[in-house]
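[1] My questions are about this predicted structure, shown below with the sequence.
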Amino acid sequence: MLENEQDRGVICAVSAFLLWGFLPIYWKTLAPTTALEVIAHRIVWSFVFTWAILLWQPPAGGWRSILQERQRLIGLIFSALLLVGNWLSYVVAVQQDRVLEVSLGYFIVPLLNILFGFLFLHERFSSWQWLAIGLTALALINLMRQAEQFPWLGLIIALTFAGYGLMRKVIQVQGMLGLWMEMVILMPLSFILLWYLSQSDGLYFGSSWDLSLLLATTGVITSLPLLLFAAGARRLPLATLGLLQFIAPTCFFLLGIFLYEEPFSQIQAISFGLIWIAVVIYLSQIQRQTRLPQENKAQTVHRESV
């Protein structure tokens, strides 16, 4: 039974990361829609889709309990702003043929999580984890040698997503309910964006049925991987999830190199190499942290049996 549950967990998690990994293709198909219109529709349709999910499976406590807690509500406002910043920088990067920057950003995220845990949650980490952080910093410094190609969008993607993860960890709201409330918070922004675009450049939604349908499916594209990830996370150990999460940035990297044939300089190759070494260190530390409690438990059982 346990193995079957873990198999289901792997299928759900891999599916989630593959969907995330091939999202650049989806964003590319939305051209010539502007990034602002894409984000506005992503907010609106994510609100609709998550609302439908919550009506089907109402969460314990519901949204009213969150409204009664001022700190959690303020936390959701900040997480919503970080999320929309991440979405916008991600779509802009893809539209500007900078998929490799997206890859770089999401490779950095787990290492930023370690740093944010130390700075804001007072978590302790090993000298090996410090080394991983240092290698990441060295990779970014190396990229500064090409000032005109410094991956600002990739860095914004990493900072906003790591910050979003930190906020969601602090406020502790059920995943789908939290996403729905973030969309509620962002709905006024989406209406302002749609009104502004309709008065200036015009809206692409409604210009053709296929493009309108693609924009309307942004809610499903946003929420479905989250549902699959949540299902996988419930069934898998942290070490497995830590390994699988690199499927998405690996897909970004392969798409950028082979499908979109983005330029890849020697400086970029060195920086990616440093980050991959940091990722290996990160994964080895997760494996070690997972293995130690199991070994201690086994030793305890052995002593008790003797």
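    The structure has been received and is ready for your questions. Numbers count the residues shown, from 1 in each chain.
[2] Tell me where this protein has helices.
    2-21, 23-29, 35-56, 62-67, 70-95, 99-120, 127-143, 152-171, 175-199, 209-216, 218-235, 238-244, 247-254, 266-305 (DSSP state H).
[3] Next up, the contacts around the nearest residue to R234 once chain neighbours are set aside.
    Nearest non-adjacent residue to R234, counting by Cβ to Cβ, 6 or more residues apart in numbering: G9, 7.2 Å away. To be clear about C-beta, it is placed using only N, CA and C from the backbone, and glycine gets the same treatment. Counting by Cβ atoms under 8 Å, 6 or more residues apart in numbering, G9 touches A231, G232, A233, R234, R235, L236, T240.
[4] Those residues, buried ones only, as a ChimeraX selection?
    With 16 or more other Cβ atoms under 10 Å as the burial test, the buried ones among the contacts of G9 are selected in ChimeraX as follows:
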select :231,232,233,235,236,240
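[5] can you count the residues close to S223?
    S223 has 23 neighbours, counted by other Cβ atoms under 10 Å.
[6] what pLDDT does the closest residue to it other than its chain neighbours get?
    Leaving aside its chain neighbours, S223 sits nearest to F49 (4.8 Å; criterion: Cβ to Cβ, 6+ apart). For F49, the model assigns a pLDDT of 92.
[7] cool, and F258?
    pLDDT, F258: 95.
[8] Quick one: the helices of the chain as CSV, columns for distance to Y260 too.
    Below are those laid out as CSV (distance: least, Cβ to Cβ, whole Å):
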stretch, distance to Y260
helix 2-21, 14
helix 23-29, 8
helix 35-56, 17
helix 62-67, 41
helix 70-95, 9
helix 99-120, 6
helix 127-143, 19
helix 152-171, 15
helix 175-199, 26
helix 209-216, 19
helix 218-235, 19
helix 238-244, 24
helix 247-254, 10
helix 266-305, 14
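[9] which stretch in these has the least confidence?
    Minimum mean pLDDT among the helices of the chain: helix 62-67, a mean of 70.
[10] hmm, back to that, where's the residue nearest to S223 relative to Q149, distance?
    37 Å (Cβ to Cβ, to the nearest Å).
[11] for G206, same thing?
    Taking Cβ to Cβ, one finds G206 at 37 Å from Q149.
[12] go on, N113?
    Distance from N113 to Q149, by Cβ to Cβ: 26 Å.
[13] Relative to F78, how far out is the most centrally placed residue in the chain?
    Central residue of the chain (Cα atoms, centre = their mean): F161, 5.7 Å from the mean position. Look at F161 and F78: by Cβ to Cβ, they are 14 Å apart.
[14] on that earlier part again, in terms of packing, which of G206 and Q149 has more residues around it?
    Q149 (16 against 10).
[15] Starting from Q174, give me the distance back to that one.
    Taking Cβ to Cβ, one finds Q149 at 41 Å from Q174.
[16] again, but for V184
    From V184 to Q174 the distance is 15 Å (Cβ to Cβ).
[17] now swap in V14 and tell me
    Counting by Cβ to Cβ - V14 and Q174 are separated by 23 Å.
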